[in-house]
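Trainee: Predicted model follows, preceded by the sequence.
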Amino acid sequence: MQECLKNICTEFEKLKGFLNGATSEQEQLVNTLFEKFMDCFEHLKAEKLEYPKEFINDVRLYNEGFEPIYKKFADIQIRYLMLSDFYDFARLTKRYIKE
């Protein structure tokens with residue numbers, strides 16, 4: 001797994017309890033991690049094909065400026081849930097191992 005994605009997973013672990021009352025610092029971290037994820041994932045080469053098509057499609061459409069996807073990800077909870085899905089996928093497939 002690319003180093004940038006590993007770093008996102010490591011930082012994501014700081015977001016415990018986000019859905020039950022996020023602090024402004026946590027919200028900022030979600031926004032930062034989301035933008036980093038969109039950038040990092042877009043630049044993956046063949047590795048990208050190893051991930052679910054939902055990640056591939058959402059990242060592509062977001063980076064192309066597709067309005068419905070932009071509106072979807074304007075919601076910080078949706079951003080968090082995407083990061084959470086990626087984190088869970090990375091853990092379940094052993095691409096990321098918590099230190």
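Mentor: Yep, it's here. Numbering: from 1, shown residues only.

Trainee: How about the contacts made by the one residue sitting closest to the centre of the chain?
Mentor: In the chain, the residue lying closest to the centroid (Cα atoms, centre = their mean) is Leu83, at 3.2 Å. Shown in contact with Leu83 (Cβ atoms under 8 Å, 6 or more residues apart in numbering): Ile8, Phe12, Leu15, Val30, Leu33, Phe34, Phe37. In this view, the C-beta of every residue, glycine as well, is placed from N, C-alpha and C.

Trainee: While we're on it, how confident is the model there?
Mentor: At Leu83, the model reports a pLDDT of 97.

Trainee: just the helices in this protein please.
Mentor: 3-12, 24-42, 53-63, 67-72, 76-92 (DSSP state H).

Trainee: Now the shortest one: average pLDDT?
Mentor: Throughout helix 67-72, pLDDT has a mean value of 95.

Trainee: Quick check: buried residues in that helix?
Mentor: By neighbour count on 16 or more other Cβ atoms under 10 Å, the buried set for helix 67-72 is Ile69.
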